[in-house]
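Trainee: Based on what follows, work out the 3D shape:
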Amino acid sequence: MTQPPSRRIEAIDLARGAALVAMAVYHFTWDLEFFGYAEAGLTAHGGWKIFARSIASSFLFLAGVSLFLAHGETFRRAAFVKRLAQVAGAAAAISAVTWFAVPSGFIFFGILHQIALASILGLAFLRLPWPVTLAAAAVFVAGPHFLRSEVFDHAVWWWLGLSSANPRSNDYVPLFPWFGAVLAGIAAARLARATGLLDRLARISFGRWSLALRLAGRHSLAVYLVHQPVLIACVWAFAQIFPAPQETREVRFMRSCERQCAEIRDGEFCPRYCACMLDAIDAAGLADAVFDGRATDDLPSRLADLAGICTFETDQGAAVPAPPLGGGSG
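Mentor: Numbers count the residues shown, from 1 in each chain. Okay, the predicted model is just below:
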């Protein structure tokens, strides 16, 4: 096994910088949606959803690579504790800010929370053969397809990602399946070290054109923390001069519902199903909780019950309001 490269690998900084640019593009689009300049639900479905997951996967994969490069040969306790404190502190700050700014979707376990936890858990895999680590990665990725259970529905277990329905959050990156991306990064880095690929990458220089991206990649945590407040402030300032046209919350719900429905059902089914859901939500007294984002612990299960009723009624050609379920105020 060759010795670790003696200088930073520009290719990794460049890849991390490119991922930051992609994240900024996604967040800017989300901001446009939030202020009403883009369709409601645009970034949560279709290609944008795939784009978001690809960005998160790339960051976590690179976090695994970086963890191996920093501690794969020798565990540097002081450096590890310092970096962990920075990431965990930033994650806690994001949770605190979003709790006050958007309490209905506050970030209780986002990508920084995942990186902090994965940094600790990943230490156990740094010395293992890369096929073993890659197999473990596959287990974490596949886990949600086989291990979901109502046992994990309590909020104390949400960080696992195994509850029967995902809780509402503006950035939800639980242990399953996302730790799999970190493990894949560790396995790839170990394989690259064994084959000499890391040494070859360390000798590649990308020139001045890549300096900005490499600098951003080298200080990715700072860029991550700063870019979204800057973007949302810019869109907010623009909205004060050129406000977006306002639509009723019902119209926004119908658009978002039909967009999501169209991914799995035909166009004739979706308008009738979504109209049924809109009436059912109102009849069950859940309109304020759904439209204003005032989520409760039982809201996901009640909405799932309404969805089942409306699916049945729409399939039967009887798109009428569903009766209120237990606990409703209507």
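Trainee: what about the chain, any weak spots by pLDDT?
Mentor: For the chain, the stretches with pLDDT under 70 are 1-7, 267, 293-296, 318-330.
Trainee: would you list every one of the helices in it?
Mentor: 10-34, 46-71, 77-101, 111-121, 130-147, 175-195, 197-202, 211-218, 220-241, 249-261, 269-283, 287-291, 299-315 (DSSP state H).
Trainee: okay if I get the ones you listed as CSV plus distance to Trp159 and mean neighbour count?
Mentor: (Each C-beta comes from the backbone N, C-alpha and C, glycine too.) What follows is these, written out as CSV (distance: least, Cβ to Cβ, whole Å; neighbours: other Cβ atoms under 10 Å):
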stretch, distance to Trp159, mean neighbour count
helix 10-34, 22, 19
helix 46-71, 15, 20
helix 77-101, 11, 14
helix 111-121, 7, 22
helix 130-147, 13, 16
helix 175-195, 6, 23
helix 197-202, 32, 16
helix 211-218, 27, 17
helix 220-241, 20, 14
helix 249-261, 25, 17
helix 269-283, 29, 20
helix 287-291, 24, 17
helix 299-315, 17, 17
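Trainee: among the ones you listed, which is nearest Ala165?
Mentor: Closest to Ala165 of the helices of the chain is helix 299-315 (Cβ to Cβ; 4.2 Å).
Trainee: Phe291 reaches Phe253, doesn't it?
Mentor: Yes. Judged on Cβ atoms under 8 Å, Phe291 makes contact with Phe253 at a distance of 6.5 Å.
Trainee: Now Ala262: closest residue in space that isn't a chain neighbour?
Mentor: Closest residue to Ala262 in three dimensions, ignoring its sequence neighbours and counting by Cβ to Cβ, 6 or more residues apart in numbering: Cys270, at 5.5 Å.
Trainee: what about the one you found, distance to Cys276?
Mentor: Using Cβ to Cβ, to the nearest Å, we find Cys270 at a distance of 11 Å from Cys276.
Trainee: One more: His227?
Mentor: According to Cβ to Cβ, His227 and Cys276 sit 40 Å apart.
Trainee: Show me how this protein divides into domains.
Mentor: As given by automatic domain parsing, the domain ranges for the chain are 10-240, 249-315.
Trainee: Now do the same contact list for Val290.
Mentor: Going by Cβ atoms under 8 Å, 6 or more residues apart in numbering, Val290 touches 253, 281, 299, 303.
Trainee: now with 7 Å?
Mentor: Residues counted as contacts of Val290 (Cβ atoms under 7 Å, 6 or more residues apart in numbering) are Ile281.
Trainee: I'd like the distance between it and Ala212.
Mentor: 43 Å.
Trainee: can you pull the contacts of the residue nearest to Ala262?
Mentor: 258, 261-262.
Trainee: Closest to Gly110 out of those residues?
Mentor: Cys261 (27.1 Å).
Trainee: Next, work out how far apart the closest one and Met277 are.
Mentor: On the measure of Cβ to Cβ, Cys261 and Met277 end up 9 Å apart.
Trainee: ditto for Asp266
Mentor: The gap separating Asp266 from Met277 is 17 Å, by Cβ to Cβ.
Trainee: What of Asp153?
Mentor: Applying Cβ to Cβ, the value for Asp153 to Met277 is 22 Å.
Trainee: Not counting its neighbours along the chain, what's nearest Arg190?
Mentor: Trp130 (4.3 Å).
Trainee: Please list all residues in contact with the one you found.
Mentor: Residues in contact with Trp130, defined by Cβ under 7 Å, 6+ apart, are 187, 190-191.
Trainee: Can you give me the neighbour number for Gly207?
Mentor: Neighbourhood size, Gly207 [other Cβ atoms under 10 Å]: 7.
Trainee: For it, give me phi and psi.
Mentor: Note on Gly207: backbone dihedrals following degrees, to the nearest 10 are phi 80, psi 180.
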